[in-house]
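K.L.:
model the following, please.
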Amino acid sequence: MTNQLDQQLAELRALLSRSEHLEPETLEALGDLAGDIQQLLESNNPDPHATTGLSSVSERLSGWIDRFELEHPELTHTLSQVAERLADMGI
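P.N.:
The predicted structure follows:
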């Protein structure tokens with residue numbers, strides 16, 4: 001399960017690196033989110049309810065999915081896959 005999520009996070013980072021249509025602030029926020037997910041996975045005792053900033057990782061991820069649904073379908077698909085893997089892991 002973690003390997004799939006690692007692959008999807010790598011795909012997300014690749015999409016972000018070649019994105020020409022996203023604002024720098026958006027790219028930074030999504031990069032931070034990917035980093036926070038990676039940290040959660042690497043921690044010895046991941047707390048799915050831990051917050052970073054104002055909302056949990058899952059809530060932030062869901063917000064980005066809603067925001068990009070129509071304008072960036074490829075990015076939305078990748079974010080949705082990440083969310084599904086996290087849900088499968090109970091996060």
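K.L.:
distance of residue 5 from residue 59?
P.N.:
Counting by CB to CB, to the nearest Å, the gap from residue 5 to residue 59 is 18 Å. Bear in mind the C-beta positions are built from the backbone N, C-alpha and C, glycine included.
K.L.:
neighbour count winner among the two?
P.N.:
residue 5 (20 against 10; other CB atoms under 10 Å).
K.L.:
check which helix or strand the more buried one maps to.
P.N.:
Using DSSP states H and E, the element containing residue 5 is helix 2-17.
K.L.:
so the helix or strand that comes right after that helix versus helix 2-17, what angle?
P.N.:
Next in sequence after helix 2-17, counting helices and strands by DSSP H and E, comes helix 24-42. Helix 24-42 and helix 2-17 are oriented at 170 degrees to each other (axes from the mean of the first three to the mean of the last three CA atoms, to 10 degrees).
K.L.:
and helix 24-42, what does it pack against?
P.N.:
helix 2-17, helix 57-68 (3 or more CB pairs under 8 Å, 6 or more residues apart in numbering; DSSP states H and E).
K.L.:
what's the most buried one of those helices?
P.N.:
Across those, averaging neighbours per residue (mean count of other CB atoms under 10 Å) puts helix 57-68 on top, at a mean of 17.
K.L.:
circling back: turn the helices and strands packed on helix 24-42 into TSV, including distance to residue 41.
P.N.:
Putting those into TSV (distance: least, CB to CB, whole Å) gives the following:
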stretch	distance to residue 41
helix 2-17	6
helix 57-68	10
